[in-house]
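**Q** how would this look folded up:
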Amino acid sequence: MCILLVNHLGTLLTALIICNVFPAPTIEQRVVLTEERLWEFRDQGRPFETHNSLTTSWNIVPYPVSPVNWFIFYNLLRDFLDDMYYGTILDNRPVLYLHADVYSPLNVQLYPMYRFTIYNMILFNTPPELYFLIDRIKFRFFQVYFCHSP
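**A** As a prediction, this is how the structure comes out:
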């Protein structure tokens, strides 16, 4: 569709071309899309693909991460989305804080690539649609060392 804008003298000011204009989705619609993506992550087995001996992250963090942790993470994200949907979170674009304890063997040094790999595993399991709803993600991880008994 082409709309011609003219002034009161009939002089053409500009031609405005409008193609396929769609209304922006509401927050509720974005929450629903994000929850649908969370279910897709569960259905396609993403928690089992995140970190294993065949992934590149295994070279940096060669210790297994239980898929149960990712399902717990999905449930917590779903609770966060439910709070957004039902209006208990009043900020327009809230910050998502992730507080967690990261357990690692005693001989592992916390060099930046180790932490970066853990952050990437979490971002890999976060639906991209969530970024339209939040301002940013802040990580607050507490590193806990454990030692194996002989």
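
**Q** Just to be sure, K138 is in a strand?
**A** Yes. The assignment for K138 is a strand, going by DSSP: H, G, I helix; E, B strand; the rest coil.

**Q** Can you give me the pLDDT of R37?
**A** We note a pLDDT of 91 for R37 in this prediction.

**Q** Could you report the distance from it to Y131?
**A** 11 Å (C-beta to C-beta, to the nearest Å). For every residue, glycine as well, the C-beta is placed using N, CA and C.

**Q** Could you tell me how far the residue most central in space within the chain is located from I137?
**A** The chain has T126 as the residue nearest its centroid, 3.1 Å off, counting by C-alpha atoms, centre = their mean. According to C-beta to C-beta, T126 and I137 sit 7 Å apart.

**Q** all helices of the protein, in order?
**A** Using DSSP state H, the helices of the chain run over 27-43, 46-49, 67-85, 112-124.

**Q** And the second one, what does it pack against?
**A** Just to be clear, that refers to helix 46-49. Using 3 or more C-beta pairs under 8 Å, 6 or more residues apart in numbering; DSSP states H and E, the elements in contact with helix 46-49 are helix 67-85.

**Q** for I72, what are its contacts?
**A** Applying C-beta atoms under 8 Å, 6 or more residues apart in numbering to I72 gives no contacts.

**Q** go again using 10 Å as the cut-off
**A** I72 sits next to 47, 66 when contact means C-beta atoms under 10 Å, 6 or more residues apart in numbering.
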